[in-house]
Structures are given as C-alpha cells and as structure tokens.
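> fold the following for me, if possible:
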Amino acid sequence: MKQHTSPVIIKDKAILTLEKVSLDSNLYNEDWIQNICFHCPNLLPVEELEPTFGGMIPICRELNTESGSIDLVYVNEYGFITIGECKLWRNPEARRKVIGQILDYAKDLSKWNYTKFEKECLKARKDNGKTLFEIVQEFYPDTEETNFIDSLQSNLSKGRFLLTIIGDGIRGNMEELANYIHRNGNLNFTLALIELPVYKNPINNELIVTPRILAKTKEIERIVYKFADKNLSDTEPEEQEKTESKTVSEKVFFERLQNAIGKEETDTFQKFIRTLNSEFNILPKLGRGKRLSLNLKSPNDMFNFASIQENGEIWFYGIVNKTEELGDKQIGVDYLKELAKIVDGKFDNTYKEWNWCVKRNGHYLNVTEYMKVQDKWIELISKTLDKINKLEENE
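Numbering: from 1, shown residues only. This is a model prediction of the structure:
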C-alpha cells in the first residue's frame, strides 16, 4: 500500500505542516472537485498516464449518456477523449459503483459517431455558437479539421479512451476492479485512479490539492495476477508482465510507425526493443511532444540510446550531456561516432550538445537502416553500458 505524509511549507526557518482535510469534512463537495478539474485540467497528471491524451481541452460537464451523466469530458487536438468521474470517498455507495459506472459510460460513447458526440457535448456545454472543432481550434490554431474529425471518430468506434476516477481518498477492491476490466476487454481504454487529497493551511485556511496517480490498468492487472494463484512461482508474474497489452499511447504510436515503414519492419523493431529490455533492462518510454517518440533509456531513465519518431526516423537526445554529468563526456561522443560508422552515417555535432546525433547526407536515418545492423548496434549499446556502469561504480 502506498503511504504518503503531509506536505510542509517552509518559510524562512519555520516549518509548517499542512493539515489533511478529513474525508468526512464539509469543506468541499463533488461539485467543487469537478469544478477545479474542469477549469484546471493540468491538475490531472494525464501525460504521466498516457502521453497521447496530453494537452486536454475541457469540453463539458455532465454529458448525458444512456447510462447516466459523465462528470468531465476532455478532448485534445488529436481527437483523443478523456473522461473523468469524481467521487467523494466518504460515500460507500460511490466506491462500489464508480468502476462499473465509468466503464458503462465508455461503452455508451463507443456506440456514438462524431456528429452525436459533438451534439451532446455542445448541449451539455450550453454553447451552441461554436462547433466542437472551433473550440479545439481556439487552443490549437494549426489543427486540421478533417484530421481531427477522422481521429475522434476512429477513437470513438475503437473505444480508445482514458478513463479517470478522481477522488479525495481512493479506496477500493482490486479484484473487483480487475473483473470489470476483463469483462470490458473489447474497449481499448486505459483506466486510472487519481487521488486528489486536500490539505489545509492552518494559518489562513487555504485548501491545497496534491494530485497523485494511485494505479492504472496495467498495474492493477499485475497486482491481481500476483495473488490470483497462491502457487505461482516467483518468475511467472514476470512472464505475465511481458505479455501485457500495450497502453493506448503505445498502440497509437506503433500504428503510425507501421503506416510509415510497414508491418514487417515494425515487428522487427518491436522484437529489437524486447531484446534490449531482456538483455540490458533498457526500457522503452513514450515521449511527451506533439509527435510521439519512443525513447530507449537505461533503467535509471538517464541515457538515451535512441529515439524513434513516428515516421521512422532515429533521433538522439542528451547522451553526450548525461555522460558528461557522470564525468566522462567522451563515452557519449564515442557511442555516436561508432554508431555512425555502423550505419554508414556521420556524427553530427553542428547543433547544441543535447542534440548531437547521427545523420547521412544531412538527414536522419530511418529505423529500417538500423535494423539491418541491429546485432552490431546491440553490441555497441552493451559496450557503452559497461563503460557507464564502471564509471558509476567508481564514483
């Protein structure tokens, strides 16, 4: 179980501990939580959950569906939909029903088309003067209408949603949650529990909200798996984790990559990633930019050995700077120079050091070029990691 202590305010030499507001307090209600989440969407750590859903625009509250009213609806410029259900955990009935409730909402939305979604959102928003696209365009002027509509329509039909359960103090039964998830496997959603504990400044009675992610779908499935069979060996849960379904953001990224380089090459690259993970514990991580990238990093999330863009180009971020921070900049430089030789490219240091990279004829190389020499690339990564590990051991 995750445990958290109360935040403190440090002013001059005085330390003031904030008071946790009791779940039984009447200082706030569900409408208050809804209101701050709607008007301050950045309060919700969405990019930590699913980068594809980042840049949320608040569209409406209390969106009517067949199963009831959705508390919060957000859309981003790429047509990805986030819905939020706010519950005060002082209400036992809310705790029992909220999981099934939000999944029913997702099922309802997956039956809608773009026209229906827009109509109902504008009705709930009580703003008939603008289209849904015009609302989005106010935040992102460069958004193309056709791409936005097509993407949102596709996400509706596939059930690709980020479902967030937002509470002041999350309490729940993980087995019950997993049962709901498995019964709704036809939807491509990510479900997350977000806690918004409320603290009070005892001096001026200000309320302070400290959002944190308690769990998301993949974590919940892993927890349930571990205690579903008491006779499992220590290694079996790890095998289960490797075969877990991808997040929505990962699915979207690899779909775009496949459109750019083809299915066979995409499958080859995914196998390459699994090799890096199994042999060196290098973890794939999606970036947060407007265009999704896949960063291959070491377990401590420091060393970027490559970053693949959705069009297949391989970029690099900060390997030289990070090895310099360790005390040997040359490790990063040698990595890029040797990799350039492997792919018949050129070490390019014409940018700021953070963006030193490998190019050929002034252009980034495609991942398909790297996959032709993947064995040599793996060997180079291994050698570079050995250098880094030795450097860290001598600190």
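> state the number of residues packed around E279.
Neighbour count for E279, taken as other C-beta atoms under 10 Å: 12. All C-beta spots, glycine's among them, are computed from the backbone N, C-alpha and C.
> element containing it, please.
Assessed by DSSP states H and E, E279 sits inside helix 263-280.
> which elements pack onto the helix or strand just after that helix?
Counting by DSSP H and E, the next helix or strand C-terminal to helix 263-280 is strand 283-286. Judged by 3 or more C-beta pairs under 8 Å, 6 or more residues apart in numbering; DSSP states H and E, strand 283-286 is in contact with helix 248-261, helix 263-280, strand 293-297.
> how distant is strand 283-286 from the center of its chain?
From the chain centre to the centre of strand 283-286 is a distance of 11 Å (C-alpha atoms, centre = their mean, to the nearest Å).
> re the thing from before, out of the helices and strands packed on strand 283-286, flag the one nearest D71.
Nearest to D71 among the helices and strands packed on strand 283-286 is helix 248-261; the distance by C-beta to C-beta comes to 20.5 Å.
> now do that closest one, average pLDDT.
Averaging pLDDT along helix 248-261 yields 90.
> who does it touch, helix- and strand-wise?
With contacts defined as 3+ C-beta pairs under 8 Å, 6+ apart, helix 248-261 has these neighbours: helix 263-280, strand 283-286, helix 367-371.
> would you mark the buried spots in that helix?
248-250, 252-254, 256-258, 260-261 (16 or more other C-beta atoms under 10 Å).
> just name the shakiest helix or strand of this structure by mean pLDDT.
helix 236-242 (a mean of 40; mean pLDDT, DSSP states H and E).
> follow-up on the earlier one: now render the helices and strands packed on strand 283-286 as TSV, adding distance to Y351.
As requested, the helices and strands packed on strand 283-286 are exported to TSV (distance: least, C-beta to C-beta, whole Å):
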stretch	distance to Y351
helix 248-261	24
helix 263-280	25
strand 293-297	17
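> my guess is C121 contacts C60, does it?
Yes: judged on C-beta atoms under 8 Å, C121 makes contact with C60 at a distance of 5.0 Å.
> shared neighbours, those two?
By the contact definition C-beta atoms under 8 Å, 6 or more residues apart in numbering, C121 and C60 are jointly contacted by V73.
> give me the most central residue, the protein.
The residue lying closest to the centre of the chain (C-alpha atoms, centre = their mean) is E50, at 2.3 Å.
> that one - nearest residue in space that isn't next to it in sequence?
Leaving aside its sequence neighbours, E50 sits nearest to S249 (C-beta to C-beta, 6 or more residues apart in numbering; 4.7 Å).
> pull the contacting residues for F38.
Each residue near F38 by C-beta under 8 Å, 6+ apart is listed here: 58, 61, 72.
> I'd like to know how many residues surround the second one.
What it means is R61. 20.
> start at 20, not 1
Done: numbering now begins at 20, and the last item shifts to R80.
> touching, it and Y93? I think so.
No: the pair R80 and Y93 does not pass the contact test of C-beta under 8 Å, sitting 10.6 Å apart.
> in three-state terms, label T183 for me.
Three-state call for T183 (DSSP: H, G, I helix; E, B strand; the rest coil): strand.
> quick one: low-confidence ranges for the stretch 120-269 of the chain?
Residues of the stretch 120-269 of the chain meeting the criterion pLDDT under 70: 147, 187-206, 233-264.
> for it, which segments count as strands?
Taking DSSP state E, counting those that start in this stretch as the criterion, the stretch 120-269 of the chain contains strands spanning 180-186, 209-214, 217-219, 226-228, 231-235.
> for the helix or strand in which W396 is found, name the packing helices and strands.
Element membership for W396 (DSSP H and E) is helix 393-412. Applying 3+ C-beta pairs under 8 Å, 6+ apart, we find helix 393-412 packed against helix 282-299, helix 338-345, helix 348-361.
> give the buried residues for the first one.
Pointing back at helix 282-299 there. Per 16+ other C-beta under 10 Å, helix 282-299 contains these buried residues: 284-285, 287-289, 291, 295, 299.
> what's in contact with that helix?
261, 273, 276-277, 280, 301-303, 313, 315, 317, 327, 331, 386-387, 390, 393, 397, 400-401, 404.
> cool, stretch 151-168 as well?
74, 76, 78, 94-98, 133, 136-137, 140-141, 146.
> recalculate using a threshold of 10 Å.
Contacts with stretch 151-168, where a contact means C-beta atoms under 10 Å, 6 or more residues apart in numbering, come from 74-79, 94-98, 133-134, 136-138, 140-141, 144, 146, 148-150, 169-171, 309.
> what of stretch 129-140?
The contact list for stretch 129-140, computed with C-beta under 10 Å, 6+ apart, reads 78-79, 82-85, 89, 92, 94, 98, 100, 128, 146-147, 150-152, 154, 167-180, 203, 205-208.
> check stretch 220-228 too.
Contacts for stretch 220-228 (C-beta under 10 Å, 6+ apart): 26, 28, 30, 35-38, 40, 46-47, 51-52, 55-56, 59, 62, 187, 214-219.
> ok, now with 7 Å
37-38, 46-47, 55, 62, 215, 217-219 (C-beta atoms under 7 Å, 6 or more residues apart in numbering).
> residues of that stretch that come out buried?
V228.
> now it - C-alpha only, CSV.
The C-alpha trace of stretch 220-228 is given here as CSV (Å, rounded to 0.1, in the frame of the first residue of the first chain):
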residue,chain,number,x,y,z
ASN,A,220,-3.0,25.7,5.6
PRO,A,221,-3.8,26.2,9.4
ILE,A,222,-2.7,29.8,9.3
ASN,A,223,-5.0,31.1,6.5
ASN,A,224,-7.3,28.1,5.8
GLU,A,225,-6.2,27.9,2.2
LEU,A,226,-7.1,24.5,0.6
ILE,A,227,-4.2,22.8,-1.2
VAL,A,228,-4.7,19.9,-3.6
